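In: What follows is a predicted structure for the sequence shown.
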Amino acid sequence: MDRRKKRPGNGILLWMAGLLTAAFAGAGFSQEIRWLRVSQLQSFINEVGAEYEGEWPTYNLNFLSWPAQYGIEQNLLRQKGLWIGARNFYDTRMGDELSVKVIGSGPRNTDERVNMIFEKEIKLIGRNYHPMVSVDDQLATVLDTYDVLDSLDENLPADRMVLVRFNTSIGVSVTKKVLCFTQSDQDDYFIHDYVFKNTGIVDRDGTVHEQTLQDVWFYFVYRFAFAGESYGDASTPEGNWGAFSSAWGESTLNHAFGTDPAGADFNDPSSPLYRMRGFYSYYGPSTDRLNLLYEEDWGGPNDSEDGVMASAKFAGCVTLHADRSPSNPADDAAQPGTTWYIASDGDAVGMSANVSQYKVDYMNIRYEIMSEGHPPQAHDELIGDDYAINLSDAKRQAGGGTSQGQGYGPYTMAPGDSVRIIFAEASSGINREKNREVGWNWLQWWRQTGNPALVMPDGSLTTDHDAYKKAWVFTGRDSVLKVYRSALENYNSGYQIPRAPDPPGRFEVRSGGDRIQLSWDDNAASDPHFGGYVIYRASGTVLSPKSVYEKLFECGAADAVHAFDDTSAVRGFDYYYYILSKDDGTQTGKTLTSSLFWTLTSKPAHLLRQAESFLNQVRVIPNPYDLRSRLYQFGTESQYDRIAFYGLPKFCSLKIFTERGDLIWEKDHDNGAGDELWDSMTRSGQIVVSGIYILYVEVPDDLYADEDNYAWHDMFDEDGNRIYQKNDLLYRKGERVFRKGESISRKFIIIR
């Protein structure tokens, strides 16, 4: 069954998702996008081949975020480009053969792009629907807005896949698949699977001109920028300790590896680079960090507050497969054939926004970059112990930083031929807890306010706080290489990696008077490797750099439950939760879990007002309820009309009758609070009409045990005092509470 079709408010969610696309269109961006928001690496994917500069309309205009658990502003990438070039191309528009033809999408959006890239299709496909997550009966996950599937495929090898198809004016049609995995060991990368086919389609109308494409290169270029949370919204003081230039990638360093299939590292099984080719990029010290010297700026620490490093992460790509030729689909270890780094700005490398597919001189510049081969030194090796911006070669650094390229080719493609290229985009680094620890230790030494022990990654001690911080930052290099290895092994296995049990299909959080109640479905228990659940909680904020997540509860398969009461919550604080399904550890030797993003709540839960001791405190708010005044009552977050029942006892039954006595709604009030909300809908899901209604509140006869058989914890009041029973009355320090079976009714009016 398509469960999503039965979800209340799904039409509203689709409307909200449409607003995201409209926001791009309103800013001059007319293409569609889809989001991958279910793993630690998150990004939007557009339908025109490459996510370009300024496409995502945030303050710092970057995208591709990691670790997204700490905010979408953990972004890594300023711009990306895809260029396709060939020699001796007959151009039907010009009616002439061009010595070189190059078309492209990105790194900047241009007026000419619409005449080079012809969109056909974009879809978000899922292996299953994301769970239903609610807080206090309201939908409460960002996935309801961003993870709106176009289709469901239960046999999909990944958890999510964006499918993109487009034609190009060079006669090559592109099918692009971006695969995302959520298993806890595989959630730091996307796999990009491209098929380039010579269809001869050269315009938006589908005109076909068949010709053999000579010396074809497929070129991808990345401008990574690692300022992340350190340079965000100018209106927030906590987001501006970093350098503006780093938000543009001016200080980024790049390192390509695996360029020689006969090289020692490539053929050494003990090397972390064994049989891998790709590149990684990372943050280099910035000349604009005026308070910090070169050695002090590694990781981009927050020197004004807590030492947290916004840029202690590495990102890049690893090639998984590249066809040797259209007739030989075996992997070519010599690909990519180009790994030169280039200036991110300037006409000298074809990075200008004034793109033309008819000026041969301009296209020659791009073609030379695409097919340039390998540099004698990687970019970071050439820079050495210097600032990246000090590189004097304008072809490699024109003032705006240096981008890393990957070119695959040359290929000769007859009509109908295709070439397949697959690579993974990934990021990793030290985890947030270690980041906070290392940054704070460094800051105390730097400020000379403390001398905490500085334990290096190898366990040794040092008193050089700069070397200590840098060493921990560079453990991110090893981490990202491990992620590359995971992606490569996943691809080589045919995507047959072990899976964690599915997340609960439903996760509900309900605020209460003395506890916050959590409950969830038991569908994960049917997994043959089911190992139980883990619940985490954040206080005050969520999906933010300031978020701190603490483990709240854990159970195994043998003692698995499907409800938990958080009795440690403190009144006055907001709380956010997520639940993980875990395996038994037998698949890989370690515990695998589902993604936290499946169930992470986006709305806060909190302790409600205490329950009342007397039924005569019950009241209906507002009364009368007037739909025309809805905005001034409970706001507009809910798509339903909400009416509140206040002054309830901790446990009671609620029923609503029409004026003539028809029962239309009922509920057991059991959250221990004095409040309950009603969405003005009947038990069958119908919205009630204008009229007079009756709320009936009753304390059930069998709710409490007698004095000698206390089965209910609520036989103690909020101060821990025993509530005593005599006959059918309950007492607290001699004060009457309420009679068992006692009831009360309240009339209220609804006006529509």
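Out: Structure received. Numbering: from 1, shown residues only.
In: where's the closest residue to residue 285 other than its chain neighbours relative to residue 227, distance?
Out: Excluding the flanking residues, the one nearest residue 285 by CB to CB, 6 or more residues apart in numbering is residue 297, at 3.8 Å. For glycine as for every other residue, the C-beta is placed from the backbone atoms N, C-alpha and C. Distance from residue 297 to residue 227, counting by CB to CB, to the nearest Å: 12 Å.
In: So for those two, which residue has more residues nearby?
Out: More crowded of residue 297 and residue 227, by other CB atoms under 10 Å: residue 227, with 32 against 28.
In: Please name the residues that touch that one.
Out: Residue 227 makes contact with 60, 62, 242, 243, 244, 246, 247, 283, 300, 310, 311 under the criterion CB atoms under 8 Å, 6 or more residues apart in numbering.
In: would TSV of the residues you listed with neighbour count and distance to residue 273 be doable?
Out: Shown next, in TSV, are those (neighbours: other CB atoms under 10 Å; distance: CB to CB, whole Å):
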residue	neighbour count	distance to residue 273
60	24	32
62	31	28
242	27	30
243	22	31
244	14	34
246	30	27
247	21	30
283	33	21
300	31	26
310	26	27
311	29	23
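In: As CSV, these with pLDDT, distance to residue 329 and secondary structure would be great.
Out: Below are these laid out as CSV (pLDDT from 0 to 100; distance: CB to CB, whole Å; DSSP: H, G, I helix; E, B strand; the rest coil):
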residue, pLDDT, distance to residue 329, secondary structure
60, 56, 41, coil
62, 84, 36, coil
242, 91, 45, coil
243, 91, 46, coil
244, 89, 46, helix
246, 93, 41, helix
247, 91, 41, helix
283, 98, 38, strand
300, 97, 43, coil
310, 96, 42, coil
311, 97, 39, coil
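In: Looking at these, which one is closest to residue 512?
Out: Distance to residue 512, by CB to CB, is smallest for residue 310 among those, at 37.7 Å.
In: Could you pull up phi and psi at that closest one?
Out: Main-chain dihedrals, residue 310, degrees, to the nearest 10: phi -70, psi -20.
In: Tell me which residues touch the closest residue to residue 514 other than its chain neighbours, please.
Out: Using CB to CB, 6+ apart and skipping residues adjacent in sequence, the residue nearest residue 514 is residue 672, 4.8 Å away. Residues in contact with residue 672 (CB under 8 Å, 6+ apart) are 512, 513, 514, 515, 611, 650, 651, 714.
In: which stretches of the stretch 401-550 of the chain form helices?
Out: Taking DSSP state H, counting those that start in this stretch as the criterion, the stretch 401-550 of the chain carries its helices at 432-447, 465-473, 475-492.
In: Pipe those helices into CSV and attach mean neighbour count per row.
Out: CSV is the format used below for those (neighbours: other CB atoms under 10 Å):
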stretch, mean neighbour count
helix 432-447, 19
helix 465-473, 21
helix 475-492, 20
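In: Nearest to residue 750 among the contacts of residue 227?
Out: The closest of those to residue 750 turns out to be residue 60 (CB to CB; 47.8 Å).
In: Flag the shaky bits of this protein, pLDDT-wise.
Out: Within the chain, the stretches with pLDDT under 70 are 1-30, 57-61, 232-239, 353, 613-614, 628-641, 701-741.
In: hang on, the earlier thing: would JSON lines of the helices of the stretch 401-550 of the chain with distance to residue 73 be doable?
Out: What follows is these, written out as JSON lines (distance: least, CB to CB, whole Å):
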{"stretch": "helix 432-447", "distance to residue 73": "14"}
{"stretch": "helix 465-473", "distance to residue 73": "19"}
{"stretch": "helix 475-492", "distance to residue 73": "18"}
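In: Show me the one of these that comes nearest residue 577.
Out: Among the helices of the stretch 401-550 of the chain, the nearest to residue 577 by CB to CB is helix 432-447 (17.9 Å).
In: Show me what that closest one is packed up against.
Out: When contacts are defined as 3 or more CB pairs under 8 Å, 6 or more residues apart in numbering; DSSP states H and E, helix 432-447 packs onto helix 465-473.
In: So which elements touch the helix it packs on?
Out: Against helix 465-473 (3+ CB pairs under 8 Å, 6+ apart) you get helix 432-447.
In: Residue 671 is in contact with residue 512, isn't it?
Out: Yes - contact between residue 671 and residue 512 holds when scored by CB atoms under 8 Å: they sit 3.8 Å apart.
In: okay, and the common contacts of these two?
Out: Taking CB under 8 Å, 6+ apart as the criterion, residue 671 and residue 512 both touch residue 608.
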